[in-house]
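Undergrad: just coords:
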RNA sequence: GGUCCCGUAGCUCAGUUGGAUAGAGCAACAGCCUUCUAAGCUGUGGGUCGCGCGUUCGAGUCGCGCCGGGAUCACCA
């Protein structure tokens, strides 16, 4: 890589000019800003103490030395303390011809010791997936792709919250008012059907509470006295006791939920290597709690409930086991962590979970540290921001939840309408057109969500449908399709450059050079995205690349270029760009249609 | 109230880890299809980077203090 050589040469030059002992890490090599002439920029201010000369003079001396040392540099310009290096066209062209056809460009060799387990999705079986889950799934899937490309063996796991009071609520409502309804009999998707009963429980429960309050009971007491809630708790207790009838209904209803989730996952394009069920892991959590009790890390209260006291660390006391012996969310997450470690011995366990659970994961990690678990330090909570609506958070009670299936369907329809309106739907036989609309619609959705820094909250306005122009997924897909069309034509005319074509003696137009510069940094973009666990870096990069290429495409002929060498060069540039766009989109889980 | 996160153009978001005159898209306006796909390209307008102090050659970026918004602090998950 050139930047390393540049850095080494700079180090060398500094020693020769000003003597040894300079801390090279103070110097940064940057891409030159676009309004300014140059390709790489060295900021020389940190050097001034050593050189004891003006910024301009220091930069000039260094520039002169580098020009002599590195043949790739054709000239340099100094502005204040900035040394702007200008590379020869030969440098860019040789990079292009050496890499345009390399499949492994931007893909790291596998680091087999650095196994990473990614947990994402983690649905509750009592309601269907919504927009928040979409962000979660897309992040998890994309990050798995990015880390894989960076050489980390990735294991994708899902943890289904299939037990707990929430599912008991749906079960109770179903037993009371379900009348044997099934997905088949109702024509509803399984997860939607479960959700219907969860909502029904909530409605009936609210009515009951309201009645109780009207009788003069306080809200807190009403929560305790509610018959529905008492019955739901009873179901949970029976479930943990293994009561056959309860377990059977639970299996039946969860099965419906899984069938529904499967459909949603398939359409979204996410998958898992292993699915954990809370119902399988919570017992291991209970064991850890017993262990903690024995080690004196945990305390049992008089009512038999078990707690951890984190007040000395600035947190609160946290419940780990209820007084009736049933487990809570934290209990099962402890057990899951243990099982996951036993299964894979990963060097990192990354949890893609919303930032509303920051406290939970802080506590989880502290408990495992207190238990001296070797894997405790490797736990990392990738805390992503909420997806908000213009009126604030999504509230299932207020019916503002954006359903995942509905949203995907809407994206499909919009993509279809748009394509037809543009008169581009012709030439695709039935099934192909559907595939295309799906690719574009989901491409728009995925890009829209992934281009935002995962840690930040983001806004989604259902009234303003997701754009297909400008900084969007379809824009990038379109760029790809257009290049593909060029390449096909070139291929038909047998004009594609051969494997080892060497081009020399050409000069580059600005937009050609800009595109090559973007292509060159792709490997760094991938590794940065992996370091920061941030797909937005890839998204913003591929947008920039597409934009630069479009500029080139608009103003410079490729197939119509008469000089065969130049034509080859521009075809190489096009092939390379298409390949990097496809790789980038793949890292984001977005399809690259060959035609659109 | 404690803890944590966020505040950049009318709106949605970037900002290469402290560098030059803070950038894109949308929306608005003006141009570009007899030439490789116009879901494209070019141009114009739009900013007290929430406010203040500090650190230094240099701060949207780091520190402190305010202001505003959000999350969380359940025998919910």
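TA: Here it is on my side, so go on. Given the structure is predicted, the values throughout are model-derived calculations rather than measurements.
Undergrad: how about low-confidence regions in chain A?
TA: For chain A, the stretches flagged by pLDDT under 70 are A:397, A:498-502.
Undergrad: quick one: the strands in it?
TA: Ranges of strands in chain A, per DSSP state E, are A:29-31, A:40-43, A:73-79, A:82-87, A:116-119, A:154-160, A:274-277, A:299-300, A:306-309, A:317-321, A:348-354, A:379-384, A:387-388, A:458-459.
Undergrad: Output those strands as JSON lines; include the columns distance to residue A:263 and mean neighbour count.
TA: For every residue, glycine as well, the C-beta is placed using N, CA and C. Shown next, in JSON lines, are the strands of chain A (distance: least, C-beta to C-beta, whole Å; neighbours: other C-beta atoms under 10 Å):
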{"stretch": "strand A:29-31", "distance to residue A:263": "45", "mean neighbour count": "13"}
{"stretch": "strand A:40-43", "distance to residue A:263": "50", "mean neighbour count": "20"}
{"stretch": "strand A:73-79", "distance to residue A:263": "57", "mean neighbour count": "17"}
{"stretch": "strand A:82-87", "distance to residue A:263": "52", "mean neighbour count": "21"}
{"stretch": "strand A:116-119", "distance to residue A:263": "21", "mean neighbour count": "25"}
{"stretch": "strand A:154-160", "distance to residue A:263": "15", "mean neighbour count": "21"}
{"stretch": "strand A:274-277", "distance to residue A:263": "15", "mean neighbour count": "17"}
{"stretch": "strand A:299-300", "distance to residue A:263": "45", "mean neighbour count": "14"}
{"stretch": "strand A:306-309", "distance to residue A:263": "40", "mean neighbour count": "18"}
{"stretch": "strand A:317-321", "distance to residue A:263": "36", "mean neighbour count": "18"}
{"stretch": "strand A:348-354", "distance to residue A:263": "21", "mean neighbour count": "22"}
{"stretch": "strand A:379-384", "distance to residue A:263": "24", "mean neighbour count": "20"}
{"stretch": "strand A:387-388", "distance to residue A:263": "21", "mean neighbour count": "19"}
{"stretch": "strand A:458-459", "distance to residue A:263": "26", "mean neighbour count": "13"}
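Undergrad: Count residues in the vicinity of residue A:360, would you?
TA: 16 (other C-beta atoms under 10 Å).
Undergrad: Of the strands of chain A, which is nearest residue A:174?
TA: Minimum separation from residue A:174 across these (C-beta to C-beta) falls at strand A:154-160, 18.7 Å.
Undergrad: could you say what helices and strands that closest one packs with?
TA: With contacts taken as 3 or more C-beta pairs under 8 Å, 6 or more residues apart in numbering; DSSP states H and E, strand A:154-160 sits against strand A:116-119, helix A:131-149, strand A:274-277, helix A:278-295, helix A:329-344.
Undergrad: on that earlier part again, mind putting the strands of chain A into TSV with distance to residue A:49?
TA: Output for the strands of chain A, formatted as TSV (distance: least, C-beta to C-beta, whole Å):
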stretch	distance to residue A:49
strand A:29-31	20
strand A:40-43	14
strand A:73-79	19
strand A:82-87	17
strand A:116-119	42
strand A:154-160	45
strand A:274-277	56
strand A:299-300	58
strand A:306-309	52
strand A:317-321	52
strand A:348-354	40
strand A:379-384	39
strand A:387-388	49
strand A:458-459	44
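Undergrad: hang on, the earlier thing: include distance to RNA strand B when you put the helices and strands packed on strand A:154-160 into TSV, please.
TA: What follows is those, written out as TSV (distance: least, C-beta to the nearest atom of the strand, whole Å):
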stretch	distance to RNA strand B
strand A:116-119	13
helix A:131-149	11
strand A:274-277	11
helix A:278-295	6
helix A:329-344	3
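Undergrad: can you tell me the distance between the two ends of stretch A:583-596?
TA: 18 Å (C-alpha to C-alpha, to the nearest Å).
Undergrad: Give me the buried stretch members for it, please.
TA: Under the neighbour-count criterion of 16 or more other C-beta atoms under 10 Å, stretch A:583-596 has A:583-585, A:587-593, A:596 buried.
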